[in-house]
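Visitor: Give me a model of this one.
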Amino acid sequence: MVPLRQLLAEKISEYIERKSHSLITLSTKSGVSYNTVKRVVSGEVEPSLETAVNLIRVLYANDQAKEIMVTYFPEFGQWINTAIKNENMANGEIDVEITGDFVTFHLFSLALTRTGVTLGKVEKLYGGAGLDRVALLIDKGLLTEKDEVVRTVFPDYATVDAQAIIRQLSLSLSYFDRELVGTDASFLSFQSESVNLAGLSKIKEAARAFHQAVSEVRRNERYAGEIPFYCGTVLNLLDSEAFNKGVEQ
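Guide: Below is the predicted model:
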């Protein structure tokens, strides 16, 4: 199997030659810093998972990108195929654009649902400023409007970029409605503890199972309706020192 850094270096060179793009363009589209892209194309470094994923989703067509991820990052790649199935992985430009501020992300998220969002609802939420924002996003090619209903140009949008997802989670908390706590429209949970590697693996497995269960409901036409929701899943460490030692052993 060709080393990943060699595969990406050759693909980046091809991307620049065939499409007359520059490393700066690739950096902008992928969200990977220019210096990192430069080091990858020169073969100086073995790209991390995050760097590789962000470059791959720009350099390759969606199905081919997923195939490469399965080859070089089997666990992550299999999860991608299961989690986002028919959705297309967004590039860095779209991620940056829609998570630039609270209003943009909220409007894009509403437009991303199967029902879209009406101009009347946009005005009710954010007044004339909201309508101006929609017009701007339409001009940028992110949204479209027909019969006063606004929808995203990317109905199958999905991102695997860690920074973008963290930003989405942060922005979504800005419009968390505490009055819904205790109803079917809200659920809150936070847990922490010290566990071993086996325990951590089981927790990750449970988090993935939860994510998959939500995805299956979301895609099932039986549950199609007019109530727009959001749901996020996060697992990380309070301190990574013990984990890094355990992985090295």
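
Visitor: In what element of secondary structure is Glu17 found?
Guide: Glu17 is part of helix 4-19, with elements assigned from DSSP states H and E.

Visitor: Give me the mean pLDDT for that helix.
Guide: For helix 4-19, the mean per-residue pLDDT is 86.

Visitor: same thing with stretch 192-207?
Guide: Per-residue pLDDT over stretch 192-207 has a mean of 94.

Visitor: Is Val195 in contact with Leu235, as I believe?
Guide: No. Shown here, Val195 and Leu235 do not form a contact pair, counting by Cβ atoms under 8 Å, at 11.5 Å. Yep, even glycine has a C-beta here, placed from its N, CA and C like the rest.

Visitor: what sits in contact with each of those two?
Guide: Common neighbours of Val195 and Leu235 (criterion: Cβ atoms under 8 Å, 6 or more residues apart in numbering): Ile203.

Visitor: Please enumerate residues in contact with the next helix or strand along the chain from the helix holding Glu17?
Guide: Next helix or strand after helix 4-19 toward the C-terminus (DSSP H and E): helix 23-30. Helix 23-30 is contacted by residues 12, 15-16, 32-34, 37-38, 41, 54-55, 57-59, 91-93 when judged by Cβ under 8 Å, 6+ apart.

Visitor: Could you tell me which of the residues you listed belong to helices?
Guide: Among the contacts of helix 23-30, DSSP state H puts 12, 15-16, 34, 37-38, 41, 54-55, 57-59, 92-93 in helices.

Visitor: Turn the buried ones among the residues you listed into a named ChimeraX selection, would you?
Guide: Selecting only the buried entries of the ones in helices among the contacts of helix 23-30 in ChimeraX, with 16 or more other Cβ atoms under 10 Å as the criterion:
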select :12,15,37,41,54,55,57,58,59,92
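
Visitor: Can I get the ones in helices among the contacts of helix 23-30 in JSON lines including distance to Pro3?
Guide: Shown next, in JSON lines, are the ones in helices among the contacts of helix 23-30 (distance: Cβ to Cβ, whole Å):
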{"residue": "Ile12", "distance to Pro3": "14"}
{"residue": "Tyr15", "distance to Pro3": "18"}
{"residue": "Ile16", "distance to Pro3": "20"}
{"residue": "Tyr34", "distance to Pro3": "23"}
{"residue": "Val37", "distance to Pro3": "17"}
{"residue": "Lys38", "distance to Pro3": "18"}
{"residue": "Val41", "distance to Pro3": "14"}
{"residue": "Asn54", "distance to Pro3": "18"}
{"residue": "Leu55", "distance to Pro3": "14"}
{"residue": "Arg57", "distance to Pro3": "20"}
{"residue": "Val58", "distance to Pro3": "20"}
{"residue": "Leu59", "distance to Pro3": "16"}
{"residue": "Gly92", "distance to Pro3": "24"}
{"residue": "Glu93", "distance to Pro3": "28"}
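
Visitor: which one in the ones in helices among the contacts of helix 23-30 is the model shakiest on?
Guide: The member of those with the lowest pLDDT is Gly92, at 64.

Visitor: what about Thr159, neighbour count?
Guide: 24 (other Cβ atoms under 10 Å).

Visitor: Surely it is in contact with Glu93?
Guide: No. Between Thr159 and Glu93 there is no contact under Cβ under 8 Å: 11.4 Å.
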